[in-house]
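Engineer: quick one: sequence plus predicted model below, questions after.
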Amino acid sequence: MIRNVRMVLLLTALGSLLACGGKPSEGNRAKPAAPALASRVVHAEKATREQVWDGVVEAVHQVTLTAQTNARVLELPYEVNDVVPKGAVLVRFTDVEQKSARNAARAQIASAEATYKEALSSYNRFAAIAPQGYVSKAQLDQERARRDAAKAALQSARASLSQVGQQLDYTVIRAPYAGIITRRYVHVGQAVQAGPPSPQPLIALESLNDLRVNVQVPQSAVAAIRHFHVAAVLPEGSNGPRVAASSVSVFPYADPDTHTFNVRLQLPADTVGLYPGMTVKVAFAVGEARRLLVPKTALVRRGEIVGVYVIGDQGVTLRQVRTGYVYGDQVEILAGLDDGERIATDPTAAMKYLSQQHAGGASTDE
């Protein structure tokens, strides 16, 4: 009985030894070979540290056109929010009085010209016979004075015509530049006055070509902003490219009530998606920092989830990340990826590689 028990234990131990010798241990198992995928090791890069404040977009060119003559509104071709080209007629007034004044000024010029010609001719006759002593010096001086007075009257009449012509030009208000109508103060048929005490406002116009942003920043940040002079308008929801300011101007004085400084950012001429009156986030460079950036093409989007394919010791895995702002063709990674990790730069190839690996594993298991 004891001999049979010893035989069973010996056979069991021998089977266990053979089993251990037939398979490699977990420590000696070979690691999977790294896949041949286009990849890149990401490292934190030197960047600027930023602080963000709210700003308001406004048009560089904005004007309220006013009445320069007394008249009645005849025509308003455009409505509020209409985009108008440079030189477009915005307001047209009645011009009966101005045209009548112009005709009267022209008639006055004609009369003054005739008087001047007659006085000039008379003076020339007296001047021709004065050396022979046929006329006295007093008579010659009188003719000279009459000639000069007629000439002055003619010049005055011509100046009056110019003034009347200017008043006639004021009956048509044109756009000084291309822009959008933001407000209309008058209606068709309304009588307007050029003043006093102040001219009647007619149309408010703003240009969309040149924009700037005004930001109120605390006095504690002004020194750093003046040092770096770098700022950018951030996109809504961190999506899309940043709009870098073409220039940054810090006002040389603070508001005595809020103790804040006004900072003005000039935006590039080709800026799109921003309009006067909008509130935006503005990031100012105030120091130095390190930022982890990955190519935009390496990101994988699945609905609201954003991830990257990470290549490591365990092969290829899809890892969710939290992204920040876009810097050119790269995106900031706020969480989910560490400095020194390798990512696949071609997500399509990485997904195809994983699909093949899963298919191969399924076939082996079968």
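Structural biologist: Now that the structure is in, tell me what you want to look at.
Engineer: which residues does the closest residue to Pro176 other than its chain neighbours contact?
Structural biologist: The shortest distance from Pro176 to any non-neighbouring residue, by C-beta to C-beta, 6 or more residues apart in numbering, is to Val63 (6.6 Å). From N, CA and C alone the C-beta is placed, and that goes for glycine too. Residues counted as contacts of Val63 (C-beta atoms under 8 Å, 6 or more residues apart in numbering) are Pro176, Ala204, Leu205, Glu206.
Engineer: now pLDDT and neighbour count too, for those residues, in JSON lines please.
Structural biologist: As requested, the contacts of Val63 are exported to JSON lines (pLDDT from 0 to 100; neighbours: other C-beta atoms under 10 Å):
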{"residue": "Pro176", "pLDDT": "94", "neighbour count": "14"}
{"residue": "Ala204", "pLDDT": "95", "neighbour count": "17"}
{"residue": "Leu205", "pLDDT": "95", "neighbour count": "24"}
{"residue": "Glu206", "pLDDT": "93", "neighbour count": "21"}
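Engineer: would you point out the most distant pair within these?
Structural biologist: Checked with C-beta to C-beta, the contacts of Val63 reach their widest spread between Pro176 and Ala204, with 12.5 Å between them.
Engineer: beyond the helix or strand of the chain with the lowest mean pLDDT, next helix or strand please.
Structural biologist: Lowest on mean pLDDT, DSSP states H and E among the helices and strands of the chain sits helix 2-22, with a mean of 37. Counting by DSSP states H and E, the next helix or strand C-terminal to helix 2-22 is strand 39-41.
Engineer: helices or strands up against the helix or strand just after that next one?
Structural biologist: Heading C-terminal from strand 39-41, the first helix or strand you meet, by DSSP H and E, is strand 44-59. Packing contacts for strand 44-59, counted by 3 or more C-beta pairs under 8 Å, 6 or more residues apart in numbering; DSSP states H and E, involve strand 211-218, strand 279-295.
Engineer: could you list the buried residues of the last one?
Structural biologist: Using 16 or more other C-beta atoms under 10 Å as the burial criterion, the residues of strand 279-295 that qualify are Val280, Lys281, Val282, Ala283, Phe284, Ala285, Val286, Arg291, Leu292, Leu293, Val294.
Engineer: go through the residues you listed and name the one nearest Ala232.
Structural biologist: Lowest distance from Ala232 to those (C-beta to C-beta) belongs to Ala283, with 5.4 Å.
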